[in-house]
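Participant: Prediction below, plus the sequence it came from.
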Amino acid sequence: QVCIIFSDFGKMQNVCNLLTEKLGTSVTISPPYFYHRPEAIDTLRRQACVTAVGNTRRKAQEVCQLFGQALGKPLLIKEEETKEWGGHIDSHLSHFTDSQTLQERIQSATAYASCRVFAVFEIKGKENRRSKLL
């Protein structure tokens, strides 16, 4: 029995296909077991927060444009809430049932994160910028 850990799903499929092609019925490939490394979950959390800050800045920019103002630098950015679900985040030892299809296994192993932020930006009047340009 050989156990291989892959970090790339495509590579795993290629190796399984190659083994099956070369060894035929002499090899049995068990269904894959999916889990997330703690580092990957930390990266997911950070990406969710960075995305939330970017979304907040874009929305603030749109509001400023609506009122003829210019968005300045951020004065305060605070992470208010982070939520995580799916992906067996609480326990990477969760068991799959044999009746699940590969797509169902992937879906139940997929991790999601969302982040809510509070941000305060400096607002500049556009007329001030125009007078500096003249």
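Facilitator: Cool, the structure landed.
Participant: most centrally placed residue in this protein?
Facilitator: L44 (4.4 Å; CA atoms, centre = their mean).
Participant: Helix or strand: which one has F118?
Facilitator: Per DSSP states H and E, F118 falls inside strand 111-125.
Participant: Point out the other elements, helices or strands, that that strand touches.
Facilitator: Packing partners of strand 111-125 (3 or more CB pairs under 8 Å, 6 or more residues apart in numbering; DSSP states H and E): helix 38-66, strand 69-86. Backbone N, C-alpha and C define where each C-beta goes, glycine included.
Participant: For the longest one, which helices and strands make contact with it?
Facilitator: Packing partners of helix 38-66 (3+ CB pairs under 8 Å, 6+ apart): strand 69-86, strand 111-125.
Participant: per the record, what domains does this protein have?
Facilitator: Listed domain ranges for the chain are 1-30, 36-124 (source: the TED database).
Participant: Can you add mean pLDDT and give the ones you listed back as JSON lines?
Facilitator: Listed next are the domains of the chain as JSON lines, based on pLDDT from 0 to 100:
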{"stretch": "domain 1-30", "mean pLDDT": "88"}
{"stretch": "domain 36-124", "mean pLDDT": "87"}
